[in-house]
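Q: sequence first, then the predicted structure:
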Amino acid sequence: MTDTPLIAILDDEPEIRRLLSSALEEAGFRTVSFARATEFEAALRRIQPDACLIDLGLPDRDGLALVHRLASESGAAIIIISGRAQVQDRVTGLELGADDYIIKPFDPAEVVARIRARLRKPQRETGPGRQQIRFAGWSADFDRYTLTSPEGAETPISHAEAEVLRLFLDNPRRLISRAQMLETLGGTAGESFDRAMDVRISRLRTKLGEDPKNPRLIKTIYGAGYIFLAELG
C-alpha cells in the first residue's frame, strides 16, 4: 500500500483530464480520471481518493448534486473546477460541501498548490494517537470521518466539516475569529467563505444534536467568531 495521495479527476473534456493528470503526477500524486459521473461513482466502490476534482458541467449528472452527496458520504477533499464564474455559483458549491472552487481557465500549478493545502492540514493537525478525540460524550474519528454519539450512533462527516471540528477541538474554550478560520482552513476572504463556514458549522451543530436556538457546544459570539465549549477526554 502506498501513502502517496490519490486524486480523482472528473471532467468530460479529455484535454482538461490530461492537463490535470500530468501536473499532479509530476508533483508526486497518483491520479485516476473519469469522463462521466456514472464511471466515477462506480469506481468509488473500489477506491478511496484523498481528493476529488469535480467539474460541474457533466453530461450525465448534475455536478452540484454529486458534490453534495460526496460531501455527505466521503471523507475526501472536494474541489470544484468549473467555468461558472458567478459569485453565486461559488457560494452554492461551497455551501453544498465543496472545500474549494477553482474557475476555468486555470493554472495547473495553482490546482496542485490548492490540493496540497487541503491535504496538508489534516496530516499536520492529526498527530500520532490523535485520530480519535472524545468530547462531551462524543467521539470524533478523523481517520474514518465519523462522529459517534454518547448513545453509540455513528454519523459520517465530510472533509470540510472535519476541518472545522478539528479546529474547534484544537482550541477548546477559546474564541476563534473568522480571520483565524480563514488562515487555518484556507480559502478566499469574502461572502462565499463566510457563508460556507456558516453552513459547515450549522451542519456540525445538527449532527451533534444541538438546539439551533441555544447550542451548548458551538457558541456564536456575534461580530467576533465562535467558541467551542466542550471538555475533551
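A: In hand now; what should we look at?
Q: can you give me the strands in this structure?
A: Counting by DSSP state E, the segments of the chain that form strands are 6-10, 30-34, 51-54, 77-82, 100-103, 132-135, 138-141, 146-148, 154-156, 218-221, 225-228.
Q: which stretches of the protein have low pLDDT?
A: Filtered on pLDDT under 70, the chain yields the residue ranges 1-2, 120-130, 187-189.
Q: domains for it, by residue range?
A: 6-124, 132-228 (automatic domain parsing).
Q: deepest of those domains, which one?
A: Highest mean neighbour count among these (mean count of other CB atoms under 10 Å): domain 6-124, with a mean of 18. Where C-beta positions appear, they are placed from N, C-alpha and C, glycine not excepted.
Q: which parts of this protein are helices?
A: Under the criterion DSSP state H, the chain contains helices at 14-26, 37-43, 63-73, 87-95, 108-125, 159-170, 178-185, 191-207.
Q: so the fourth one versus helix 63-73, what angle?
A: Right, helix 87-95. 20 degrees (axes from the mean of the first three to the mean of the last three CA atoms, to 10 degrees).
Q: contacting residues around the closest residue to Arg203 other than its chain neighbours?
A: Leaving aside its sequence neighbours, Arg203 sits nearest to Glu161 (CB to CB, 6 or more residues apart in numbering; 5.8 Å). Neighbour list for Glu161: 97, 200, 203-204, 207 [criterion: CB atoms under 8 Å, 6 or more residues apart in numbering].
Q: and Leu64, by the same measure?
A: Taking CB under 8 Å, 6+ apart, we find Leu64 in contact with 56, 92-93, 96.
Q: how much space between the residue nearest the centre of the chain and Tyr145?
A: Centrality entry for the chain: nearest residue to the mean C-alpha point is Ala160, 2.8 Å, by CA atoms, centre = their mean. Going from Ala160 to Tyr145 by CB to CB, to the nearest Å gives 10 Å.
Q: ditto for Pro108
A: Per CB to CB, Pro108 is found 28 Å from Tyr145.
Q: got it, and Glu25?
A: 26 Å.
Q: about what we covered before: do you know which of the helices of the chain lies nearest Gly223?
A: helix 178-185 (9.9 Å; CB to CB).
Q: just the CA trace of the closest one, in CSV.
A: Output of helix 178-185 as CSV, limited to C-alpha atoms (Å, rounded to 0.1, in the frame of the first residue of the first chain):
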residue,chain,number,x,y,z
ARG,A,178,-13.3,34.5,11.1
ALA,A,179,-9.7,35.6,10.3
GLN,A,180,-8.3,32.6,12.2
MET,A,181,-10.6,30.3,10.4
LEU,A,182,-9.5,31.7,7.0
GLU,A,183,-5.8,31.4,7.9
THR,A,184,-6.1,27.9,9.3
LEU,A,185,-8.6,26.4,6.8
